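Engineer: Got a predicted structure plus its sequence, pasted below:
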Amino acid sequence: MASPRTRRLLLDAESIRNRLAGWPLIEISGSAGIPPEIYRFTYHVKGLYVDATGNILERDTHLLEINLSLGYPRRAPQCRMLTPVFHPNFDDSTVCIGDFWAASEGLDDLVIRIGRMIAYQEYNTKSPLNGLAAKWAAQNAAVLPIDTRAIAPPSQGSEQLLSGPDAAAEARVVESTPSPLVPERAPAVARYDPDIDPWSEKIIISP
């Protein structure tokens, strides 16, 4: 008889394949293990990144790696972006999911939630991994989310559209205080300068 962890991995693999089949915004771009313990996902979602000159620009393709460690699902998956993302809850090596992960959450739900985070439909400025991104998000809430489309595939029989007007209204935002001078949707809205970042201390919530 398969172990509880193996049964969970098999259930995750089936759920992800079924839910993302044919969905253009999120695709499984690789996996390793039988059943899979490592996944790579490609998001075709608008997000932000910082270029070599310090400008914050839009990016519409992102690559995520998820590693299901031996402690999974009791311990949260190890998630890291393989492409740059400018977001309060991402850094170079980690996606902060510890403040909402529960063993009862399906891996497919987590993958979709991270897509919503990339699009700035969800973000948390109270416990940021990237202090400058948290400050920027608080000051520029009026131009968020970056991508207003529904990130999750429509449920069976649903009439959900890729660009539903309610997507922005459903964004989950914590401590969002708009700046009185919010730029219009210009692609370059700030410059990265860690020397003047007043939120430089990183706070990581462990699962």
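Structural biologist: Arrived safely, thanks for sending.
Engineer: State the phi and psi torsions of D147.
Structural biologist: phi -120, psi 120 (degrees, to the nearest 10).
Engineer: In the protein, where is pLDDT below threshold?
Structural biologist: Scanning the chain for pLDDT under 70 picks out the ranges 156-207.
Engineer: Go again with 50.
Structural biologist: Flagging of the chain using pLDDT under 50 yields the residue ranges 158-207.
Engineer: List the residues that contact the residue nearest the centre of the chain.
Structural biologist: The centre of the chain sits closest to I114, judged by CA atoms, centre = their mean, with a distance of 2.6 Å. Residues in contact with I114 (CB atoms under 8 Å, 6 or more residues apart in numbering) are Y43, L64, C79, V95, I97. To be clear about C-beta, it is placed using only N, CA and C from the backbone, and glycine gets the same treatment.
Engineer: hey, what's the second one bridged with?
Structural biologist: Meaning L64. F41, M81 (DSSP bridges).
Engineer: right, and it touches V45 too?
Structural biologist: No - checked against CB atoms under 8 Å, the pair L64 and V45 is beyond contact range at 10.6 Å.
Engineer: quick one on the thing from earlier: of the contacts of I114, closest to S31?
Structural biologist: Relative to S31, the closest of the contacts of I114 is L64; by CB to CB it sits at 12.4 Å.
Engineer: What number of residues are in the vicinity of the closest one?
Structural biologist: When neighbours are counted by other CB atoms under 10 Å, L64 registers 23.
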